[in-house]
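A.B. asks: Here is my input; please provide its structure:
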Amino acid sequence: MQNSRKEKARPKAWVAWSSGKDSAWALHNVWREHGFDVVGLFTTVNRTHSRVAMHAVRESLLEIQAAATGLPLVKVPIPSPCSNEVYEQAMEAAMARAREEGVRHIIFGDLFLEDIRAYREKQLAKCGMIPVFPLWLRDTRLLAERMIAGGLSAILTCVDPRRLDRSFAGRRFDHELLAALPREVDPCGENGEFHTFASAGPMFRPAIPVTVGEIVEREGFIFADLLPQTAAERSV
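C.D. replies: Down below sits the predicted model:
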């Protein structure tokens, strides 16, 4: 006999997926709390260079990462450089697709920047969408330590040398890195000091083995190029 007390359907949501630790941990939190039915990830991709915007992760590696979550990936292509007008048009098109698929909530990994949150709320309201911030106002030192203790593995792919020494590019996000960060640098890099690529954790099956390739400076930022690690390389 069919149960008359059916569980209320959870609202569908997409995760704003940067490829970094914060969006990965936001996904983990939402899955753990069972408040939303996450049905996809969406990522802005620099169509000129085929890389994740700002994080500079290769598009091919983004695809491997998304597959490890088991979720569909929605790419939002943007040019480089990209004006704010063009960016907003691309996002509006993505949100129109979300609505067509029954999605009304977008999950973000933002931590404490009020202006960024206000911008997201304003823009999504225009599209009839609702932003969700599961990590909002968490103590970032405790949050970083909890991520690491929870099995999340990440690598710094982008460093702003005006805020953090360039030698941090390509380093693992771990307890040693947290101890080495200058006092004025946020432990999660929320002020733009650094960006990451998440390669392992409870949100990934399997983990994504990567190796650090060339480290270069472009447009005032230091980027570490990550490459998928082959089975032969892992056995060495």
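
A.B. asks: burial count for the closest residue in space to residue 99 that isn't next to it in sequence?
C.D. replies: Once flanking residues are discounted, residue 99 sits nearest to residue 128: 6.4 Å by Cβ to Cβ, 6 or more residues apart in numbering. For every residue, glycine as well, the C-beta is placed using N, CA and C. Residue 128 is flanked by 11 other residues according to other Cβ atoms under 10 Å.

A.B. asks: With residue 42 as the reference, measure out to residue 128.
C.D. replies: Note on residue 128: its distance to residue 42, by Cβ to Cβ, to the nearest Å, is 16 Å.

A.B. asks: and the residue nearest to residue 229 when sequence neighbours are not counted, how many neighbours?
C.D. replies: Once flanking residues are discounted, residue 229 sits nearest to residue 209: 3.9 Å by Cβ to Cβ, 6+ apart. Neighbour count of residue 209, defined by other Cβ under 10 Å: 15.

A.B. asks: Also residue 168?
C.D. replies: For residue 168, the tally of surrounding residues (other Cβ under 10 Å) stands at 21.

A.B. asks: That one and residue 196 touch, don't they?
C.D. replies: No: between residue 168 and residue 196 there is no contact, the gap being 10.7 Å when judged by Cβ atoms under 8 Å.

A.B. asks: Might one say that the residue nearest to residue 229 is in contact with residue 155?
C.D. replies: No: with contact defined as Cβ under 8 Å, residue 209 does not count as touching residue 155 (11.3 Å).

A.B. asks: quick one: common contacting residues for these two?
C.D. replies: Residues touching both residue 209 and residue 155 by Cβ atoms under 8 Å, 6 or more residues apart in numbering: residue 199.

A.B. asks: Where does residue 115 sit: helix, strand or coil?
C.D. replies: helix (DSSP: H, G, I helix; E, B strand; the rest coil).

A.B. asks: all helices for this protein, in order.
C.D. replies: 21-33, 59-69, 84-100, 114-126, 140-149, 175-180, 231-235 (DSSP state H).

A.B. asks: Excluding chain neighbours, what is closest to residue 116?
C.D. replies: Using Cβ to Cβ, 6+ apart, the nearest residue to residue 116 is residue 110, at 5.7 Å.

A.B. asks: what about that neighbour, how many neighbours?
C.D. replies: 21.

A.B. asks: so what's the backbone phi/psi at it?
C.D. replies: When read as degrees, to the nearest 10, the backbone of residue 110 gives phi -60, psi 150.

A.B. asks: Surely it touches residue 133?
C.D. replies: Yes: if you go by Cβ under 8 Å, residue 110 and residue 133 touch, sitting 5.5 Å apart.

A.B. asks: How far away from the center of its chain is stretch 168-177?
C.D. replies: How far stretch 168-177 lies from its chain's middle: 17 Å, per Cα atoms, centre = their mean, to the nearest Å.

A.B. asks: One more: stretch 200-215?
C.D. replies: Relative to the chain's own centre, stretch 200-215 is displaced by 13 Å; criterion: Cα atoms, centre = their mean.

A.B. asks: So which bits of that stretch are buried?
C.D. replies: 200-201, 203-204, 208, 210, 212 (16 or more other Cβ atoms under 10 Å).

A.B. asks: Can I get those in a markdown table including pLDDT and distance to residue 58?
C.D. replies: Formatted as a markdown table, the buried residues of stretch 200-215 follow (pLDDT from 0 to 100; distance: Cβ to Cβ, whole Å):
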| residue | pLDDT | distance to residue 58 |
| --- | --- | --- |
| 200 | 98 | 17 |
| 201 | 98 | 20 |
| 203 | 98 | 20 |
| 204 | 98 | 17 |
| 208 | 97 | 12 |
| 210 | 97 | 10 |
| 212 | 97 | 13 |
